[in-house]
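[1] just need the structure, nothing else, for what follows:
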Amino acid sequence: MTHAVLAGGVGAARYLTGALEAFDATTVTGIVNVADDVVLHGLHISPDLDTCTYTLAGAIDPGRGWGLVDETWQAMAELGRYGGENWFSLGDRDLGTHLFRTARLHAGASLTEVTAEITAAWELGCRLLPVTDDRVETRVELTDGREVGFQEYFVGMQHSVEVAGVRFAGAEAAALSPQVTTAIETADALVIAPSNPIVSIGPLLAVPGLRELVEARRDRTVAVSPIIGGAALKGPADRMLRELGEESSVVGVARRYRDLAATLVIDEIDRDLAPAVEAAGMRAVVMPTIMNEPGVAAALARACHDAATGS
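    Numbers count the residues shown, from 1 in each chain. Below is the predicted model:
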């Protein structure tokens, strides 16, 4: 019994926590977005990989939803003293992860290899796989004509500006790792996590071959809506959908995912929209999806697995 998850950001990390509670960790694989990765201060930073790692290790800062708990910020304070760029905060403990990753990459290791070493050090038990070892970068076009990197939009601008378009630079030349291909082809259940459809799941699907692999497993694929009651619980997914001309609702999510997944899990808040989801081309499963209470994430993972396998 294997459970593979297309993942990016906080929602995916919480879902994966439930999967580890519901299933043997060795059967769970997260296929993680790397288009948010950025090089700052000479360091290779992988925000989604680190958020998943720290969350699964029980070491995430619960207030921020990113970075490590009980963090200190002395390095950033000193950087600011010198007039250095410190709009993207890196905690003192978190810096150790980026230093290790960067040194290993410079030594010739792949991002897949380095991620395996980091997850082993945290004793996660499951696998986290970057979707590709090649460089892919989310670029955000603003309505004023500027184009900025995702972290500048998300962190620097606090995603407070209107978006006119999104592209994934380098995706067309990227290659799936053999591990990702095998994980998708052999998964008993494939889940699209409740992540931002545009900038978390979108970059995964932009890597050549991944969309086709998922479409071929459509009957075994279940998506969890990141939109609840028309809004995103965290981040700009709802606004981005509207700004790019899509509907910010579970029905809009169904239209985006209907060629990829046979089933969409929606929250009880959206129960009345289940017929519209099915009219859009996906079977609707209605259940609690807000993973802020004990047991919800595990129950969600079990329900997704059952929906995918017909259990």
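
[2] how close does residue 48 get to residue 31?
    11 Å (Cβ to Cβ, to the nearest Å). Every residue, glycine included, has its C-beta placed from N, CA and C.

[3] now swap in residue 157 and tell me
    With Cβ to Cβ as the criterion, residue 157 and residue 31 are 28 Å apart.

[4] between those two, which one's more packed in?
    For residue 157 versus residue 31, the count of surrounding residues by other Cβ atoms under 10 Å is larger for residue 31: 28 against 14.

[5] could you pull up the contacting residues of the more buried one?
    4, 5, 6, 7, 129, 131, 180, 183, 184, 204 (Cβ atoms under 8 Å, 6 or more residues apart in numbering).

[6] which of the residues you listed fall within strands?
    Among these, DSSP state E puts 4, 5, 6, 7, 129 in strands.

[7] between these, which sits nearest residue 42?
    residue 129 (25.2 Å; Cβ to Cβ).

[8] pretty sure the closest one sits against residue 183.
    Yes: using Cβ atoms under 8 Å, residue 129 makes contact with residue 183 at a distance of 6.5 Å.

[9] mutual contacts of the two, please.
    29, 31.

[10] higher neighbour count, those two?
    Legend: neighbour count by other Cβ under 10 Å for residue 129 and residue 183, higher for residue 129 (25 against 22).

[11] quickly list the domain ranges of this protein.
    Under automatic domain parsing, the residue ranges defining each domain of the chain are 3-135+171-309, 137-169.

[12] okay, those domains in JSON lines with mean pLDDT next?
    Shown next, in JSON lines, are those (pLDDT from 0 to 100):
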{"stretch": "domain 3-135+171-309", "mean pLDDT": "96"}
{"stretch": "domain 137-169", "mean pLDDT": "94"}
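
[13] could you say which of those is packed most deeply?
    domain 3-135+171-309 (a mean of 19; mean count of other Cβ atoms under 10 Å).

[14] next, the contact list for residue 271, please.
    residue 286.

[15] err, residue 287, not the other one
    Counting by Cβ under 8 Å, 6+ apart, residue 287 has contacts 265, 267, 268, 299, 300, 303.

[16] let me know the closest of the residues you listed to residue 282.
    residue 265 (9.8 Å).

[17] state the distance from residue 112 to residue 125.
    17 Å.

[18] what sits against residue 34?
    Shown in contact with residue 34 (Cβ under 8 Å, 6+ apart): 46, 48, 49, 111, 130, 131, 132, 136, 203.

[19] please tell me I have it right and the fourth one contacts residue 105.
    Translated: residue 111. Yes: if you go by Cβ under 8 Å, residue 111 and residue 105 touch, sitting 6.8 Å apart.

[20] narrow the contacts of residue 287 to those in strands?
    Per DSSP E, the contacts of residue 287 map to strands at residue 265.

[21] of the contacts of residue 287, which belong to helices?
    Among the contacts of residue 287, the members found in helices (DSSP state H) are 299, 300, 303.

[22] mind putting those in TSV, distance to residue 223 included?
    What follows is the ones in helices among the contacts of residue 287, written out as TSV (distance: Cβ to Cβ, whole Å):
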residue	distance to residue 223
299	17
300	12
303	12
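
[23] of these, closest to residue 35?
    residue 300 (25.3 Å).

[24] what about the closest one, distance to residue 183?
    Applying Cβ to Cβ to residue 300 and residue 183 gives a distance of 20 Å.

[25] residue 286 now?
    On the measure of Cβ to Cβ, residue 286 and residue 183 end up 28 Å apart.

[26] how about residue 27, what does it touch?
    Residue 27 neighbours (Cβ under 8 Å, 6+ apart): 1, 2, 3.

[27] nearest spatial neighbour of it, skipping sequence neighbours?
    residue 2 (5.0 Å; Cβ to Cβ, 6 or more residues apart in numbering).

[28] check contacts around the one you found.
    Here residue 2 is in contact with 27, 28, 29, 183, 186, 187, 188, 189 (Cβ under 8 Å, 6+ apart).

[29] if we use 10 Å, what do you get?
    For residue 2, the contact set (Cβ atoms under 10 Å, 6 or more residues apart in numbering) comprises 23-24, 26-29, 183, 186-190, 305.

[30] in CSV: those residues, plus secondary structure and distance to residue 71.
    What follows is these, written out as CSV (DSSP: H, G, I helix; E, B strand; the rest coil; distance: Cβ to Cβ, whole Å):
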residue, secondary structure, distance to residue 71
23, coil, 30
24, coil, 31
26, helix, 30
27, helix, 32
28, strand, 27
29, strand, 28
183, helix, 32
186, helix, 38
187, coil, 35
188, coil, 38
189, strand, 35
190, strand, 34
305, helix, 34
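
[31] let's have the residues you listed in JSON lines, adding distance to residue 253.
    Shown next, in JSON lines, are the contacts of residue 2 (distance: Cβ to Cβ, whole Å):
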{"residue": "23", "distance to residue 253": "25"}
{"residue": "24", "distance to residue 253": "30"}
{"residue": "26", "distance to residue 253": "31"}
{"residue": "27", "distance to residue 253": "27"}
{"residue": "28", "distance to residue 253": "23"}
{"residue": "29", "distance to residue 253": "23"}
{"residue": "183", "distance to residue 253": "23"}
{"residue": "186", "distance to residue 253": "26"}
{"residue": "187", "distance to residue 253": "21"}
{"residue": "188", "distance to residue 253": "23"}
{"residue": "189", "distance to residue 253": "19"}
{"residue": "190", "distance to residue 253": "17"}
{"residue": "305", "distance to residue 253": "20"}
